[in-house]
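*Asks:* Kindly return the folded structure for what I paste below:
(one chain, ligands or ions: 2)
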Amino acid sequence: MKIKRIAIIGLGLIGGSLGLALKKQCGEEVRITGVDHDPKTLELAVQRGAVDYSTNDWKKGVEHADIIFLCTPVLQIIPIVEQILPYVKVGGILTDVGSTKGFLAEKLLGMMPTGIHYVSGHPMTGIERSGIMAADQGLFNDKWYILIPEASTSPEAVAIISQILTWTGARITTMELADHDQCAAIISHIPHVVAAALVNLLGKYPTLEESFKLVGGGFRDTTRIASSNADMWADICLTNSQPITQSLLQVKELLDEMIQAVEKADRPAIHHFFKRAKVRRDILIEETDSHVV
Ligand SMILES: NC(=O)C1=CN([C@@H]2O[C@H](COP(=O)(O)OP(=O)(O)OC[C@H]3O[C@@H](n4cnc5c(N)ncnc54)[C@H](O)[C@@H]3O)[C@@H](O)[C@H]2O)C=CC1
Ligand SMILES: O=C(O)C(=O)Cc1ccc(O)cc1
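*Replies:* Ligands and ions are numbered 1, 2, ... in the order given. Okay, the predicted model is just below:
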C-alpha cells in the first residue's frame, strides 16, 4: 500500500510532533490533514508546517485519508471515532497514541466496520508541556513506540503503521495489552502521581511558602512532570484505574516501611531502603543507555 494521505486528529504535543516529523521525512510525497477543535491550534499547525491543511470538519479531515492518527486525550478518542467512522474509506487504518490501552483497544476493535482497521499504539516519549507550540520534530527520534496488536488486529495494518513510524525515527516494539497497562502504570503513570503529590506536599506548609524559593535540583528533577496537563492525566488515571490503584497501594507500603524505620531510628533499614533503590536504578540506567543506538 502506498501511503499518500494521512490525517492527524488532535494537533497538540504528540499530534503536532508526529506531523512535523512526517513532513520532514516525506515532504510533498505524503499530504497531511490536521483536525482539531481549537481554531488557534488549526492555524498554528499549518503555520508550523506540521500539516498541509487543517480543519475542524470531521468529513473533510478524514475522507481521503489512508491512515488516521488519533492524538487527543484518551477519553476523547472513542467519541471521535464514532463521529468519523462514517467518513473513513474502506481500507483505511485508524491508530491511536493514548497512554492507556485496555480501555481503548477493547472498544475500538469491536467498533471497526469490515475493511477498516485499528492498530493500538503508544509512543513512549513526551515532555511536561502540551499544545502545538510544544510540538517538536525530533520528539520520536530514537524513542520507543509500542504497538499492541490483538488477535483480531490485521498484521498488514500493523506492518503499515510500523513503516510510517520508522519515518519519525522511532524504535518500534510490540507488547501484550495487559502487560502494557501494568508496565505503563509503574514506569509512567505512578511517577506522575507521585511527582504531583510531592508538589502538593508544599501546600501543607503554608507558613514556609517564602522558603520554597530555595528548592534545588533534587526537587526540580523529581517534580518536572508535575507540570504536565491535568486533563490528560485525569483521563489516564480513569482509564487505567486497576493497575494504578494497585501500584499506588504498593507505594504506600514502601512509604510505611520508611516511616517505621525513621520513627524507630532504624539506620540499617533506612540505609537498605536507599541502597537497594540506588543499586537497581544505576543498573537500569546503565542497561537502558547502553541499548541506545
Ligand atoms: N504528552 C505526552 O507526553 C504523551 C501523551 N500521550 C497521549 O497522547 C495524547 C495526546 O496528548 P498530548 O499531545 O500531550 O495532548 P495536547 O493537549 O498537547 O494535545 C491534544 C490536542 O487534542 C485537541 N483535542 C482535544 N479534544 C478534542 C476533540 N474532542 N476534538 C478535536 N480535538 C481535540 C486539543 O485541542 C489539542 O490540540 C493523549 O491521549 C496522551 O495520553 C502519549 C505519549 C506521551
Ligand atoms: O515528560 C515525560 O518525561 C513523560 O513521561 C512523558 C510521557 C507522558 C505520557 C506517556 O504516555 C508517555 C510519556
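*Asks:* CA only for contacts and neighbour counts going forward, please
*Replies:* Noted.
*Asks:* Would you mark the buried spots in the longest helix anywhere in the chain?
*Replies:* In the chain, assigned by DSSP state H, the helix with the most residues is helix 267-291. Buried residues in helix 267-291, counting neighbours by 16 or more other C-alpha atoms under 10 Å, are found at 269-270, 273.
*Asks:* residues in contact with it?
*Replies:* Residues from elsewhere that reach helix 267-291, judged by C-alpha atoms under 8 Å, 6 or more residues apart in numbering: 258, 261-262.
*Asks:* how much space between residue 145 and residue 168?
*Replies:* As judged by C-alpha to C-alpha, to the nearest Å, residue 145 and residue 168 stand 10 Å apart.
*Asks:* likewise residue 254?
*Replies:* With C-alpha to C-alpha as the criterion, residue 254 and residue 168 are 39 Å apart.
*Asks:* Mind checking which of these two has more residues around it?
*Replies:* Shown here are residue 254 and residue 168; by other C-alpha atoms under 10 Å, residue 168 has more neighbours (25 against 12).
*Asks:* was I right about that one contacting residue 144?
*Replies:* No - using C-alpha atoms under 8 Å, residue 168 is not in contact with residue 144, being 11.1 Å away.
*Asks:* Any idea how many residues pack against residue 185?
*Replies:* Using other C-alpha under 10 Å, residue 185 has 26 neighbouring residues.
*Asks:* Leaving out sequence neighbours, find the closest residue to it.
*Replies:* Leaving aside its sequence neighbours, residue 185 sits nearest to residue 244 (C-alpha to C-alpha, 6 or more residues apart in numbering; 5.4 Å).
*Asks:* Mind telling me what element that neighbour is part of?
*Replies:* Assigned by DSSP states H and E, residue 244 falls within helix 241-263.
*Asks:* That helix - contacts with which helices or strands?
*Replies:* When contacts are defined as 3 or more C-alpha pairs under 8 Å, 6 or more residues apart in numbering; DSSP states H and E, helix 241-263 packs onto helix 177-184, helix 190-202, helix 267-291.
*Asks:* just how off-centre is the last one within its chain?
*Replies:* If I follow you right, that is helix 267-291. 26 Å (C-alpha atoms, centre = their mean, to the nearest Å).
*Asks:* now the end-to-end length of stretch 133-144.
*Replies:* Across its full length, stretch 133-144 reaches 23 Å between end residues, using C-alpha to C-alpha.
*Asks:* one step back: what's the helix holding residue 244 in contact with?
*Replies:* So helix 241-263 is contacted by 181-182, 185-186, 189-190, 237, 267, 269-270, 273 (C-alpha under 8 Å, 6+ apart).
*Asks:* Go through that helix and flag the buried ones.
*Replies:* Residues of helix 241-263 classed as buried: 241, 243-244, 247-248, 258, 261 (neighbour count, 16+ other C-alpha under 10 Å).
*Asks:* just the contacts of helix 267-291 now: which is nearest ligand 1?
*Replies:* Proximity of the contacts of helix 267-291 to ligand 1 (C-alpha to the nearest ligand atom) peaks at residue 258, which lies at 30.9 Å.
*Asks:* my read: residue 56 touches residue 33, true?
*Replies:* No - in this structure residue 56 lies outside contact range of residue 33 using C-alpha under 8 Å: 10.4 Å.
*Asks:* With neighbour numbers in mind, choose between these two.
*Replies:* Neighbours per residue (other C-alpha under 10 Å) separate residue 56 from residue 33, with residue 33 holding more: 25 against 15.
*Asks:* on that earlier part again, is it possible to export the helices and strands packed on helix 241-263 to JSON lines including mean pLDDT and distance to ligand 2?
*Replies:* Below are the helices and strands packed on helix 241-263 laid out as JSON lines (pLDDT from 0 to 100; distance: least, C-alpha to the nearest ligand atom, whole Å):
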{"stretch": "helix 177-184", "mean pLDDT": "96", "distance to ligand 2": "7"}
{"stretch": "helix 190-202", "mean pLDDT": "97", "distance to ligand 2": "8"}
{"stretch": "helix 267-291", "mean pLDDT": "93", "distance to ligand 2": "15"}
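*Asks:* In TSV: those helices, plus distance to residue 45.
*Replies:* Listed next are the helices and strands packed on helix 241-263 as TSV, based on distance: least, C-alpha to C-alpha, whole Å:
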stretch	distance to residue 45
helix 177-184	29
helix 190-202	28
helix 267-291	33
